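# got a sequence here, can you model it:
(one chain, ligands or ions: 2)
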Amino acid sequence: MKMGTALIYDEEMTKYKLLWVDPACKIEVPERLTVSHDALVRNSLADRCVAIPVREATDAEILLAHSEEYLEAVKKTPYMTLEDLKEFTLQYGDVYFHPNIYHCAKLAVGAALQLVDSVVTGKVRNGMALVRPPGHHSMRSAANGFCVFNNVAIAARYAKQKYGLERVLIVDWDVHHGQGVQYCFEDDPSVLYFSWHRYEHQKFWPQLRESDYDSVGKEKGAGFNINVPWNKVGMENSDYLSVFCHLLLPVAYEFCPDLVLVCAGFDSAIGDPEGEMCATPDIFAHLTHLLMNLAGGKLCAVLEGGYNLTSLPQAVCQTVQTLLGDPLPQPANLSGPCTSALESLHCVRSAHRPYWSCLKHAADLPTSDISTKRIKLAEEEEEKTPKEEEKSTEEKVWPEPPKRVAPPVRSVALLPKDVTCPEGCKRFSSSEALDPLTVSKLRENFLKDADDGDALTTLSSLISITEEMKKNEICSGLALVRDVTMAMMCVVQHAAAALSNRVLVVCVGNGKVPSHIAEEGKALVVQIGSESTEEQKCKYYIPVCLKKGCSDMSGFIQAVFGLFLPLGYEYDPSLVLLVRMPDSRIHDRMWQQLTALLQSFAQGHTLVLMQEDEKACVGPTASSLLGDPAPPLERLQAPLPQDMEAMERLRHRLQADWKLLQITAPESG
Ligand SMILES: CC(O)(O)CCCCCNCCCN
Ligand SMILES: [Zn+2]
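Ligands and ions are numbered 1, 2, ... in the order given. Below you'll find the model as predicted:
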C-alpha cells in the first residue's frame with residue numbers, strides 16, 4: 001500500500017544568524033529555510049507530506065561522529081558574549097557561531113534521526129528534512145563551512161547501530177565536497193560515500209588534495225569513497241545525468257544499500273553564487289527518481305547548502321514532488337556532457353576500476369591525467385588575461401520548472417475479462433468507438449484475419465490509451481495481448497504518425513522486431529536479448545546482446561544504466577513502450593526496476609505490453625507503474641566480460657550519434 005513522504009521542518013532552526021561582518025559566511029541566512037518551506041506550502045506539497053516533529057539529538061547521538069571535547073566546547077557557546085563567540089569562531093574555517101546555534105544544530109541532527117526512524121520503521125516510504133546548520137563539512141573535533149554537527153554522518157551511524165543495517169549509501173549532490181563525511185567513513189566498507197563538487201584542480205574551497213578523484217577510501221574502505229571533481233564551473237543537466245548513469249547508479253546497484261541518505265545541497269543548481277553551475281532545478285527531480293528504487297525506496301534527503309533564494313526553493317520542491325511520486329518533468333537542455341566532465345568521469349571510473357565489477361572494463365587513466373593539470377593550470381592561472389566579466393550568478397535567469405500535473409488516472413489495465421484488475425489500476429474499456437478510418441486502417445494493416453473482432457478491440461483500445469496519454473488523462477498503462485509484436489507495431493505506427501510522438505520502444509527478450517518502425521527516427525527501438533540479432537541497422541534500432549539472456553541481472557542492469565537511460569534521456573520521447581517479448585526470462589525484480597526507471601521519460605507515459613499468458617506479471621508491473629518502489633535486486637555478481645566488451649563496442653560506435661553515451665573525453669579516445 002502506498003506509504004507517505006515525511007517532511008521534517010521546524011522554524012526554530014531559522015533562529016540564528018551571522019552577528020558580525022564576515023564575507024565568507026554572509027550567504028548562510030535564515031531565509032534559506034523559510035523560502036524553501038514557504039514554497040512547499042505554496043505549491044501544496046507540504047500538506048501532502050507526513051509532518052514529523054523535530055527533536056534534539058542526545059549527547060550520545062552527537063558523539064557517534066564527534067569528540068567529547070568538541071561537544072563540550074560547543075555546549076558553552078549559548079552563554080558566550082559576542083566577543084567570546086567571535087573568538088571561539090576564529091579557530092574554525094568559514095563558519096560562525098551564535099547563542100542559539102548549538103540548539104539549532106541539535107535540532108538539525110535530531111531532524112535527520114527522526115527522518116531515519118520514520119523511513120526505516122516503514123512509517124513513511126521516504127522523506128526530506130529541511131535543516132540548518134548544514135552538516136557535511138563538520139569534522140570529529142571541528143566546525144567548518146557553516147556546519148556544526150555532521151547531520152548525515154551521524155544519521156548513517158545511527159541507522160546502522162539502531163537498526164543493524166549493513167550497508168548505507170550517502171549521495172552528496174551539494175556543490176561542495178563533504179570532507180567531514182569522507183573522513184568519517186573512509187575506512188568503512190559499510191558506508192559508500194559519493195560526492196561531486198566544484199574543485200577547479202584544487203583551487204576551489206576547501207582546496208583539499210583529498211577531494212580529488214584518487215581518494216577512493218582507505219584500507220578496508222578502499223573503493224567506498226567516490227569523489228567526482230568538477231574542474232570547471234557551468235556544469236549542466238547532461239553532466240549530472242552522465243555521472244549518475246555511467247558511475248553512481250551502476251556502483252550503487254552493485255553495492256545494494258539497505259538505506260540511501262542524500263546530502264541534499266542545492267548550491268549545485270543554476271544561480272547559486274557558490275557553485276556557479278548551470279543545472280536547472282528540475283534536474284533534482286530526476287536525480288531523486290533515479291535513487292528511489294534503491295533500498296526498496298528507503299530514501300532520506302537532508303538539506304545541506306543552497307544560497308540562491310530562487311533556485312533553492314524550486315529545487316527543494318522538485319525533490320519533494322518526486323518523493324511524493326508525481327510524474328517527472330521533461331528534462332531540459334540535454335546537450336551532452338562537456339569535455340571537462342568527461343575527463344573527470346573517466347578518471348573516477350578508472351580510479352575505481354579495481355573495486356567495482358561494473359567498472360572492470362573502464363578504460364585506463366587518460367594520458368593527460370587531469371591531476372597533473374592541477375599544478376600546470378594553477379601556474380597558468382597567474383598570467384591568464386582577466387576574462388570578460390561573466391554574468392554574475394545572481395543575474396542568471398532560467399525558466400520556472402514546468403508544472404508537474406498528475407493525470408486523473410494514474411494507470412490503466414487492458415486485460416482479458418478473467419484477469420482481475422490490480423488494486424489502484426483502472427480497467428480500460430474503450431468507451432468511445434474509434435473513428436471508422438482508424439478502424440479500417442487497423443483491419444488492413446494489422447489484422448491477419450480482418451474478422452478477428454477481439455484483436456480489433458485490443459488494438460483500438462491500445463490506440464485509445466495512447467490518445468488519452470497524449471491528453472494527459474492517463475499517466476501509464478499495461479496490456480495483456482495475444483500478439484505483442486503486432487500490438488507494438490500498431491501502437492508505434494499510430495503514435496508516431498497520428499500523434500507525432502517520439503516513441504521509445506524497449507523490447508525485452510528475443511523476437512523479430514521489424515526495424516523499419518525505427519527507420520525515420522519517429523521511434524527509437526532498443527532490444528535486449530540473448531541472440532546477437534542482425535547488426536544494428538540504423539541509428540534508431542539498437543540491439544543489445546547478453547550471452548545468458550535477460551535472466552542475467554548484472555549484465556541487464558549495466559545495459560539499463562550504460563545504454564538505455566542515456567539513450568532515453570537524449571532521445572527525450574513523449575511515449576515509452578515497454579514490450580515483454582515471449583519467454584524473455586527476465587526476473588520480476590529486474591522487470592520492476594526497468595518499469596520504474598523508464599518512468600524517467602515522457603512524464604511517466606509508459607505503456608507496457610505483455611503476452612496474454614503472463615498473468616503473473618500483471619501485479620508486479622502495476623505496482624511499479626503506480627509508483628511503488630521496485631524491490632531491491634540481490635547483490636549482483638560480476639557481469640560477463642564478453643557482454644561488457646560487446647556493450648563497450650556498441651557504446652563506442654553509437655556515441656558519435658548519442659552524446660550521453662560518452663564516458664571519456666573526445667581526444668582521449
Ligand atoms: C553546506 C555547504 O557545503 O553548502 C557549505 C559551504 C561552505 C562554503 C564556505 N566558503 C564560502 C566562501 C564564500 N564565497
Ligand atoms: Zn555546499
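
# next up, the contacts around residue 318.
281-285, 288, 329, 401 (CB atoms under 8 Å, 6 or more residues apart in numbering). C-beta coordinates here come from the backbone N, C-alpha and C atoms, glycine included.

# same thing with residue 280?
By CB under 8 Å, 6+ apart, residue 280 lies in contact with 237, 269-270, 332-333, 398-399, 401.

# near ligand 1, from the residues you listed?
Checked against ligand 1 using CB under 6 Å from any ligand atom, these give no members in range.

# closest to residue 106 among those residues?
Each of the contacts of residue 280 was checked against residue 106 using CB to CB; the closest is residue 269, at 28.3 Å.

# quick one: the residue in the stretch 251-400 of the chain positioned nearest to ligand 1 from residue 445, how far?
Of all residues in the stretch 251-400 of the chain, residue 305 sits closest to ligand 1, at 2.1 Å by CB to the nearest ligand atom. For residue 305, the distance to residue 445 (CB to CB, to the nearest Å) stands at 56 Å.

# looking at the two, which is more packed in?
Set residue 305 next to residue 445 and count neighbours by other CB atoms under 10 Å: residue 305 wins out with 28 against 13.

# could you count how many residues lie near the residue nearest to residue 487 when sequence neighbours are not counted?
Closest residue to residue 487 apart from its sequence neighbours, by CB to CB, 6 or more residues apart in numbering: residue 481 at 4.4 Å. Each residue near residue 481 was counted by other CB under 10 Å, and the total is 24.

# can you check residue 308 too?
The number of residues packed near residue 308 is 25, by other CB under 10 Å.

# run the chain-centre distance for stretch 121-128.
Between the centre of stretch 121-128 and the centre of its chain there are 18 Å (CA atoms, centre = their mean, to the nearest Å).

# got the contact list for it?
So stretch 121-128 is contacted by 2-8, 49-50, 52, 115, 117-119, 264, 292, 297-303, 316, 319-320, 323, 629 (CB under 8 Å, 6+ apart).

# so what would you say the end-to-end distance of it is?
Counting by CA to CA, to the nearest Å, you get 16 Å between the two ends of stretch 121-128.

# show me the contacts for residue 32.
Residues in contact with residue 32 (CB under 8 Å, 6+ apart) are 132, 306-307, 309, 312.

# all helices for the stretch 501-650 of the chain, in order.
Along the stretch 501-650 of the chain, the stretches classed as helices by DSSP state H, counting those that start in this stretch are 553-559, 565-571, 588-597, 618-625, 641-654.

# wait, residue 354 sits on residue 223?
Yes: if you go by CB atoms under 8 Å, residue 354 and residue 223 touch, sitting 7.2 Å apart.

# mind checking which of the two has more residues around it?
For residue 354 versus residue 223, neighbours defined as other CB under 10 Å are more numerous around residue 223 (19 against 12).

# was I right about residue 466 contacting residue 497?
No: the criterion here is CB under 8 Å, and residue 466 misses it with residue 497 at 11.3 Å.

# when these two are compared, which one has more neighbours?
Taking other CB under 10 Å, residue 466 and residue 497 do not tie; residue 466 has more neighbours (23 against 11).

# quick check, the more buried one in a strand?
No: according to DSSP: H, G, I helix; E, B strand; the rest coil, the state of residue 466 is helix, so it is not within a strand.

# three-state assignment of the residue found closest to it once you drop the neighbours it is linked to in the chain?
Closest residue to residue 466 apart from its sequence neighbours, by CB to CB, 6+ apart: residue 495 at 5.1 Å. Here residue 495 is recorded as helix under three-state DSSP.

# residues in contact with residue 495?
466, 501, 503, 575, 577.

# buried subset of the residues you listed, written for PyMOL?
Buried residues within the contacts of residue 495, by 16 or more other CB atoms under 10 Å, are selected in PyMOL with:
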select buried, resi 466+501+503+575+577
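
# pick out the most distant pair among the contacts of residue 495.
Farthest pair in the contacts of residue 495 (CB to CB) is 501 and 577. Separation: 9.8 Å.

# which residue is the nearest non-sequential neighbour of the residue nearest to the spatial centre of the chain?
Nearest to the geometric centre of the chain sits residue 287, at 2.5 Å (CA atoms, centre = their mean). Leaving out its chain neighbours, the residue that sits closest to residue 287 by CB to CB, 6+ apart is residue 173, at 6.1 Å.

# from ligand 2, how far out is that neighbour?
As judged by CB to the ion, to the nearest Å, residue 173 and ligand 2 stand 10 Å apart.

# now do residue 566
Taken as CB to the ion, the span from residue 566 to ligand 2 is 27 Å.

# just residue 275 next, same as before
To ligand 2, residue 275 is 7 Å away according to CB to the ion.

# do residue 86 as well
From residue 86 over to ligand 2 the distance is 24 Å, taken as CB to the ion.

# list the contacts of that residue.
By CB under 8 Å, 6+ apart, the residues touching residue 86 are residue 20.

# any idea which helix or strand carries it?
Assigned by DSSP states H and E, residue 86 belongs to helix 82-90.

# nearest spatial neighbour of residue 314, skipping sequence neighbours?
residue 281 (3.7 Å).

# give me the phi and psi for the one you found.
phi -50, psi -30 (degrees, to the nearest 10).

# so it touches residue 270, yeah?
Yes: with contact defined as CB under 8 Å, residue 281 counts as touching residue 270 (7.4 Å).
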